[in-house]
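In: only geometry, no sequence info:
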């Protein structure tokens, strides 16, 4: 398992422990992708996961540029259309760090 896949699995487990239901992982079309799609109550969360082994690599959330954020929002709109979902949604950046994937931070990037 790659470090990126392990980070995504770690975040998915973290979300489940906090009451979210995972709807999709590594959802892709020909033009876009989403790392994790989850739901809690009536809100859908589109989560971009970034992993950094150490602080020397910079913060993972720093790598969610405005261009990447626009790509996530575009992918979220397509996911919503395909699933006929018209409710509330949020875009979230999840940073996993540490050699044992032990640190998880979530930030709304809307």
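Out: Here it is on my side, so go on. As the structure is a computational prediction, the values presented were derived from the model and not from experiment. Residues are numbered from 1 along each chain as shown.
In: what residues of the helix or strand harbouring residue 71 count as buried?
Out: Element membership of residue 71, judged by DSSP states H and E, is helix 66-82. In terms of neighbour count (16 or more other CB atoms under 10 Å), helix 66-82 has its buried residues at 71, 72, 75, 76, 79, 80. Every C-beta, even on glycine, is put in place using the N, C-alpha and C of the backbone.
In: show the model's pLDDT score for residue 10.
Out: Per-residue pLDDT puts residue 10 at 93.
In: how much space separates it from residue 49?
Out: 8 Å (CB to CB, to the nearest Å).
In: intersection of neighbour lists for those two?
Out: Taking CB atoms under 8 Å, 6 or more residues apart in numbering as the contact rule, residue 10 and residue 49 both touch residue 96.
In: tell me which of those two has more neighbours.
Out: Ranked by neighbour count (other CB atoms under 10 Å), residue 10 and residue 49 place residue 49 first, with 23 against 19.
In: need the contact list for that one.
Out: Residue 49 touches 4, 7, 8, 11, 35, 36, 94, 96, counting by CB under 8 Å, 6+ apart.
In: from the centroid of the protein, which residue is nearest?
Out: Centroid check for the chain by CA atoms, centre = their mean gives residue 47 as the closest residue, at 1.9 Å.
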